[in-house]
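**Student:** Sharing a model that was predicted from the sequence below.
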Amino acid sequence: MIESVEELCARLVRFDTTNRGHGQGRGERVAAEFVADRLTDAGLKPVLLERAPRRSNVVARVSGARPELPALLVQMHLDVVPADPDEWTVHPFAGEIRDGYVWGRGAVDMKDMCATVLTVVSRWAAEGRVPERDIVLAFVADEEDTGAYGAHWLVVDHAELFEGCAAAIGESGAHTVPTRRSDGTLVHLYPIGTAERGVSHLLLTATGRAGHGSRRNDDNAVVKLVDAVHRLAAHEWPVHLTPAVRAFLERTGAALDVPVDLSSAEGVDATIARFGVAARMVENTVRNSTRPTVLSAGYKVNVVPGLAQAQVDTRVLPGTEDTFLGEIDRLLGPGVRREFLTDQAPVQARVDSPWFDAMAVALRAHDPAAVVVPYCMGGGTDAKAFAKLGIECFGFAPLRLPEGFDYRAMAHGVDERVPVDGLRFGVEVLDRFLSG
């Protein structure tokens, strides 16, 4: 008998795979071994790969009935961000099922998709079914940090495992965004990720003349840095509509029956303001962003330091990389240099493609009211690694969510949880899509 998807999700949550960054954490091995056992039970031959002890990745290939078709990659991560039990209603690693939800860290980011995919594969084995095309399953480590022990390492050292994959699906897409029109009619939006902003974490360094705090100093590193950081933070980046963002605005506006004006920045902002809760899906992806997050300077209040540093989280839209960095250099001005701590390029798939169409068909098969739209992710996923192999990457992790459920607050938040009904919906949609 196949274990229910909700119980499987709860069991995965109970594995504490906390990733604290900088190589620190419990590691993914125990969860990876559990996943590998499930895949083996389904007749597959998973391989476990580690760049460092306990930082485990699991990869398996499901052979399709028509191996001449392009293969599809399903990529998921096993690690989770930290959680403080004192802040939670339930222990974050108890994996409790209550009130129609699976509770715990990773319930929506992203052990839910791990559970739905494992359920589909187990179902295929029990029913003697195979998909049309080869499906490569990758359960990876370290997505919640740099991916150096997971996806980014795999694509460099084990690229052969993904041979023939033309497209990939992963987290952050195909969940319900229940939105109401002005007349009160409920619309079920399902945004599918077809793009991601790039990530460039910058280290800014200003140098100057060290000296006594009581004396005039026109070469103060702190002042140079603070001025530069303020210019970055205050800068109003221009609107740039990528294909994914433009399509989201046009199609969502049509679904909600609201005016769409994309002729100016003011028009774009006014359009987004009419979208209600759906505005959160697009408001951060019509512009690039530069947000200072860390400041460091000095060691004593009466000493002017000779060096000051800041870290800035920058996000760049596809097609704007060169002009973006040029503008950053202009804003920093003389005396402040930059270097990359992280530099991952934007990801962009086709808005209109057979892959997208097949995902939309699968969603509408199980929610006839589904309005499927492309969107650009404001953050990032392991798609940035797999795209380097020429794989077209989509955010497609189906979940049906009730109105009022704040899905975006769940990931990395307190009392993270996922609806049981949503998981069951995800199984059906994924089965439909992956089987074809």
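**Tutor:** Right, received. Where do you want to start?

**Student:** can you map out the helices along the stretch 301-436 of the chain?
**Tutor:** Counting by DSSP state H, counting those that start in this stretch, the stretch 301-436 of the chain has helices at residues 321-332, 354-366, 383-386, 407-410, 420-435.

**Student:** Can you pull the domain assignment for the chain?
**Tutor:** The chain is divided into the following domains under automatic domain parsing: 5-172+381-435, 198-344.

**Student:** Rebuild the helices of the stretch 301-436 of the chain as a markdown table, extending it with distance to D257, mean pLDDT and mean neighbour count.
**Tutor:** The way it works is simple: take the backbone N, C-alpha and C, and place the C-beta from them, glycine included. Shown next, in a markdown table, are the helices of the stretch 301-436 of the chain (distance: least, C-beta to C-beta, whole Å; pLDDT from 0 to 100; neighbours: other C-beta atoms under 10 Å):
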| stretch | distance to D257 | mean pLDDT | mean neighbour count |
| --- | --- | --- | --- |
| helix 321-332 | 35 | 95 | 15 |
| helix 354-366 | 20 | 98 | 18 |
| helix 383-386 | 32 | 98 | 25 |
| helix 407-410 | 24 | 92 | 16 |
| helix 420-435 | 26 | 98 | 22 |
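
**Student:** For W124, find the nearest of those helices.
**Tutor:** Closest of these to W124 is helix 420-435, at 7.9 Å (criterion: C-beta to C-beta).

**Student:** For that closest one, give me every contacting residue.
**Tutor:** Applying C-beta atoms under 8 Å, 6 or more residues apart in numbering, the contact partners of helix 420-435 are 5-6, 9, 72, 74, 97, 100-102, 112-113, 115-117, 119-120, 123-124, 129, 131-132, 135, 169, 174-176, 358-359, 361-363, 365-367, 396-401.

**Student:** Stretch 174-181 now?
**Tutor:** The contact list for stretch 174-181 (C-beta under 8 Å, 6+ apart) reads 186-192, 256-258, 275-278, 281, 359, 363, 367, 395-404, 407, 422, 429.

**Student:** buried subset of the residues you listed?
**Tutor:** For the contacts of stretch 174-181, a burial check counting by 16 or more other C-beta atoms under 10 Å picks out 187-192, 256, 258, 275-276, 278, 281, 359, 363, 367, 395-401, 407, 422, 429.

**Student:** Now do the same contact list for L72.
**Tutor:** By C-beta under 8 Å, 6+ apart, L72 lies in contact with R133, D134, I135, V136, C165, A166, A167, A168, I169, L434.

**Student:** Inside strands: which ones of those residues?
**Tutor:** Judged by DSSP state E, these include I135, V136, C165, A166, A167, A168, I169 as members of strands.

**Student:** now the contacts of L72: which count as buried?
**Tutor:** R133, D134, I135, V136, C165, A167, A168, I169, L434.

**Student:** returning to that earlier point: of the contacts of L72, closest to V58?
**Tutor:** Of all the contacts of L72, V58 sits closest to V136, with 11.3 Å by C-beta to C-beta.

**Student:** Look up the closest residue to that closest one, ignoring the ones flanking it.
**Tutor:** With C-beta to C-beta, 6 or more residues apart in numbering as the criterion, V136 has its nearest non-adjacent residue at 4.7 Å, and that residue is L73.

**Student:** Confirm that that neighbour sits in a strand.
**Tutor:** Yes. Using DSSP: H, G, I helix; E, B strand; the rest coil, the assignment for L73 is a strand.

**Student:** related to what we said a few turns ago, got CSV for the domains of the chain, with distance to S182 too?
**Tutor:** As requested, the domains of the chain are arranged in CSV below (distance: least, C-beta to C-beta, whole Å):
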stretch, distance to S182
domain 5-172+381-435, 16
domain 198-344, 7
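
**Student:** Of these, which stretch is the most buried?
**Tutor:** Most buried of these, by mean neighbour count (mean count of other C-beta atoms under 10 Å): domain 5-172+381-435, with a mean of 20.

**Student:** now that one: how far from the chain's centre is it?
**Tutor:** Relative to its chain's centre, domain 5-172+381-435 lies at 12 Å (C-alpha atoms, centre = their mean, to the nearest Å).

**Student:** What's the end-to-end length of it?
**Tutor:** Distance between the two ends of domain 5-172+381-435: 18 Å, counting by C-alpha to C-alpha, to the nearest Å.

**Student:** continuing past the helix or strand hosting A195, what's the next helix or strand?
**Tutor:** Using DSSP states H and E, A195 maps to strand 186-196. Using DSSP H and E, the helix or strand that follows strand 186-196 in sequence is strand 198-207.

**Student:** Validate this expectation: A148 resides in a helix.
**Tutor:** No. Looking at A148 with three-state DSSP, it is coil, so not inside a helix.

**Student:** On the three-state scheme, the closest residue to it other than its chain neighbours is what?
**Tutor:** Spatial nearest neighbour of A148, chain neighbours left out: D142 (6.2 Å); criterion: C-beta to C-beta, 6+ apart. Recorded secondary structure, D142: coil (three-state DSSP).
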